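Student: sequence first, predicted model second:
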Protein chains: 2
Amino acid sequence: MDSIKTRRTIRKYKQTAVDDVLLNQLLELSARTQTMGNLQLYSVVITRDEEQKRRLSPAHFGQPMVTSAPVVLTICADFNRTSEWCRQRKAAPGYDNFLSFINAASDALLFTQTFSCLAEEAGLGVCYLGTTVYQPQQIIEVLGLPRLVMPIATLTVGWPDEEPALSDRLPLASFVHEETYRDYSPADIDKYYSPKECLPENQHFVEINHKETLAQVFAEIRYTKKDNEALSQLFLDTLRKQGFLSSL
Amino acid sequence: MDSIKTRRTIRKYKQTAVDDVLLNQLLELSARTQTMGNLQLYSVVITRDEEQKRRLSPAHFGQPMVTSAPVVLTICADFNRTSEWCRQRKAAPGYDNFLSFINAASDALLFTQTFSCLAEEAGLGVCYLGTTVYQPQQIIEVLGLPRLVMPIATLTVGWPDEEPALSDRLPLASFVHEETYRDYSPADIDKYYSPKECLPENQHFVEINHKETLAQVFAEIRYTKKDNEALSQLFLDTLRKQGFLSSL
C-alpha cells in the first residue's frame, strides 16, 4: 500500500470516465472491512447523473468537485436495511437511538476509508467532503434517504488531473501517547506546531486573512464557534428527523 | 493492497512482540490520511503495560484480546490539542460542541482504518473493539483523557496465531444505490439475507440461542433495544462530561 506515502487530496479530475466494473470491484473489496456484528451498517449512493450532482452541489457549498468529478459517492450510516430485515424475520429492531447511529456511522467511516485507500492504490484521485455533516438535510432530500439513514461522508472520485504538493503533518510524538494521555504544555505546542506555522503557504494564509496567527485563521474564520454551534443544532435536528434520537 | 481480499479479524496473537519501529512507522504513515483542515483531530494511546491492559479489560467486557494482544491502541477524537494550540496563539477555540465531536470522531475513524489496512498489509492481525463506545467513561479514567478527548475506537494488534474462515458479506447490490436510495421490499430482504441465513454457522447460532430467526438473535440477544437505549444515554452523558455538548 505504497500509495499512502504520496497520497494527496485530488480536486481536479480528467474527463475520462471511471469504469463501472472498476468502481464495483473497489466497493465490493471495501466491504471486507470489519463491521459491527457483520451487519454492514452502511449504504453508498452513487451519483453520476449531472442533474443530481447539480442538486447535491449546494449542500457542499458549491465546491466544484461535486459537479466536475465523474463519480460522487455519498456514504451513509444505515440502520434502515437491518431494521427492515428484522421486521421481515419476526424480530423487533431497537436501533432508533444514538448509540446505533454511532455504530452505523463508525461502520460507514471505516468502509469509506478502505475505499479511499483502495481507490488511491488503483491510481484514482479522491476528495473527502467534510461538508456532508454540515447540511445533511439537503443531501437527504436529494438522495431520498429514509428514516434511519444518515449521510456521513462524501467522496468525489476520478482520474487525477493535478499533482498538488504533499501537505504537512504533525510529528508522530504530537498525537501518540504512551500508556496515559500526557497533556500539552506551551513548550509542546511550540515544538509541534511551529514547523506548520513556518511554512510559507501558511504564513501567506495568515497574511491574506489579515490575522496575527494561523490558529486565528482557523478559530475566527474557517471553523468558528458560532458556525459550529449552529451546525451542531442542525445536525442534531436532522438526526432526530431521521429517527436516531427517538429514545431521548 | 491485496491483503484486503483475505482479511479476517484476528483475536489470537503470537507471543512475539510488535516492534516499536514498525508500530511507529505504521502510525506515521496512517497520519497521511485526509483530515479536517489538516488539523489531525485525533490522538492514539498505546497500551503495552500489563497492568494498564488489565485495567482496560472491564470496559471491553473482559474480551481476552485486550490482555493477550501485545499492543492495544485506543484511538480518540481529540479537540484538546487543537484548542490548546488556539489558546497559545491568541485565538479563542470554539470546539466544545457536537459538530466538533463528529468532525474529530470522523478524523479518528478514518485514521483507524488506514492503520488497520496498513497493519494487515504488513502481516499483523487486528481486532476492532466496538465496545469502546459502550463504556467510554471507564476508558477515559484508565487512560487519563482530558476534556475534549473521547475514545472512539480500539484496535488490538499482534502477530496472528490463528487463521479463521473468511466471514460472509452481503452482496454489493444490497448496499449500493444508483442516484437515489431505493428502499427494500420483502423480496429484496429475502434475496440479500438468505445466503447469510443459510450458512451452517448461522443456523447453529440460531439453534443454540433457541430463536426462530437469525435476526431475532441480533435484535433480542446481541444488540437489544434496552441495551442500546441505556448505552445511548451513557455515551451522551460522557460526551457532555468531556465537554462536547456545552452549547446544548
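Tutor: Yep, that arrived.

Student: can you tell me how far residue A:191 is from chain B?
Tutor: 11 Å (Cβ to the nearest Cβ, to the nearest Å). In short, each C-beta sits where N, CA and C put it, glycine included.

Student: also residue A:87?
Tutor: 8 Å.

Student: run a quick neighbour tally on that residue.
Tutor: Residue crowding around residue A:87 was assessed by other Cβ atoms under 10 Å in any protein chain shown; the count is 15.

Student: nearest residue to it other than its sequence neighbours?
Tutor: residue A:93 (6.6 Å; Cβ to Cβ, 6 or more residues apart in numbering or on different chains).

Student: just the strands in chain A please.
Tutor: A:42-47, A:71-78, A:125-129, A:149-158, A:176-178 (DSSP state E).

Student: dump those strands into TSV; add distance to chain B and mean pLDDT as well.
Tutor: Formatted as TSV, those follow (distance: least, Cβ to the nearest Cβ, whole Å; pLDDT from 0 to 100):
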stretch	distance to chain B	mean pLDDT
strand A:42-47	5	98
strand A:71-78	7	99
strand A:125-129	5	98
strand A:149-158	7	98
strand A:176-178	5	98
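
Student: identify the residues contacting stretch A:229-239?
Tutor: With Cβ atoms under 8 Å, 6 or more residues apart in numbering or on different chains as the test, stretch A:229-239 has contacts from A:98, A:101, A:133-137, A:140, A:150, A:245, B:94, B:97-100, B:102, B:247-248.

Student: what's the nearest residue to residue A:211 if we skip its chain neighbours?
Tutor: residue A:217 (5.1 Å).

Student: tell me which residues touch that neighbour, please.
Tutor: Contacts of residue A:217 (Cβ under 8 Å, 6+ apart): A:205, A:206, A:209, A:211.

Student: give me phi/psi at residue A:165?
Tutor: Per-residue torsions, residue A:165: phi -60, psi 150 (degrees, to the nearest 10).

Student: look up phi and psi at the closest residue to it other than its chain neighbours.
Tutor: Sequence neighbours aside, residue A:8 is the residue nearest to residue A:165 in space, at 7.5 Å (criterion: Cβ to Cβ, 6+ apart). Dihedral pair for residue A:8: phi -140, psi 150, per degrees, to the nearest 10.

Student: now render the strands of chain A as a markdown table, adding mean neighbour count.
Tutor: Below are the strands of chain A laid out as a markdown table (neighbours: other Cβ atoms under 10 Å in any protein chain shown):
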| stretch | mean neighbour count |
| --- | --- |
| strand A:42-47 | 24 |
| strand A:71-78 | 25 |
| strand A:125-129 | 23 |
| strand A:149-158 | 26 |
| strand A:176-178 | 18 |
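
Student: export those strands to CSV and tack on distance to residue A:229?
Tutor: Output for the strands of chain A, formatted as CSV (distance: least, Cβ to Cβ, whole Å):
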stretch, distance to residue A:229
strand A:42-47, 28
strand A:71-78, 23
strand A:125-129, 21
strand A:149-158, 20
strand A:176-178, 29
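
Student: so which of the ones you listed is nearest residue B:59?
Tutor: Counting by Cβ to Cβ, residue B:59 lies closest to strand A:176-178 out of these; the figure is 17.0 Å.

Student: which of the contacts of stretch A:229-239 count as buried?
Tutor: Buried members of these, scored by 16 or more other Cβ atoms under 10 Å in any protein chain shown, are A:98, A:101, A:133-137, A:140, A:150, A:245, B:94, B:97-100, B:102, B:247.

Student: sorry, back to before: now for the contacts of residue A:217: which two are most distant?
Tutor: Maximum distance among these (Cβ to Cβ): 8.7 Å, for A:205 and A:211.

Student: more neighbours, the two?
Tutor: Per other Cβ under 10 Å, whichever of residue A:205 and residue A:211 has more neighbours is residue A:211, with 19 against 16.

Student: what score does that one have for pLDDT?
Tutor: We have a pLDDT of 98 for residue A:211.

Student: my guess is it contacts residue A:218. True?
Tutor: No: with contacts counted by Cβ atoms under 8 Å, residue A:211 stays clear of residue A:218, the gap being 9.5 Å.

Student: and the residue nearest to residue A:87, what does it touch?
Tutor: A:79, A:82, A:83, A:86, A:87, B:219, B:225.

Student: mind checking pLDDT for it?
Tutor: Taking residue A:93 on its own, its pLDDT is 98.

Student: now do the one 4 residues further on
Tutor: Per-residue confidence at residue A:97 stands at 98 (pLDDT).

Student: about what we covered before: for the contacts of residue A:217, which one is nearest residue A:18?
Tutor: residue A:205 (32.3 Å).

Student: coming back round to it: among the strands of chain A, which is nearest residue A:111?
Tutor: So among those, strand A:42-47 is nearest, using Cβ to Cβ, at 5.2 Å.

Student: how close does the residue lying closest to residue A:69 once chain neighbours are set aside get to residue A:63?
Tutor: Leaving aside its sequence neighbours, residue A:69 sits nearest to residue A:156 (Cβ to Cβ, 6+ apart; 3.6 Å). Residue A:156 is 8 Å from residue A:63, where distance means Cβ to Cβ, to the nearest Å.

Student: again, but for residue A:176
Tutor: 32 Å.

Student: quote the end-to-end distance of stretch A:128-136.
Tutor: 15 Å (Cα to Cα, to the nearest Å).

Student: ok now stretch A:166-180, how far from the chain's centre?
Tutor: Here stretch A:166-180 is found 21 Å from its chain centre; the criterion is Cα atoms, centre = their mean, to the nearest Å.

Student: first vs last residue of that stretch, how far apart are they?
Tutor: Stretch A:166-180 end-to-end distance (Cα to Cα) = 31 Å.

Student: could I get the contacting residues of residue A:1?
Tutor: A:117, A:121, B:1, B:117, B:118, B:121.

Student: hmm, 6 Å instead?
Tutor: Listed by Cβ atoms under 6 Å, 6 or more residues apart in numbering or on different chains, the contact set of residue A:1 reads B:1, B:118, B:121.

Student: buried ones in stretch A:175-193?
Tutor: Neighbour-count burial for stretch A:175-193 [16+ other Cβ under 10 Å]: A:175, A:176, A:177, A:181, A:184, A:188, A:189, A:192, A:193.

Student: let's see which of the contacts of residue A:217 end up in helices.
Tutor: A:205, A:206 (DSSP state H).
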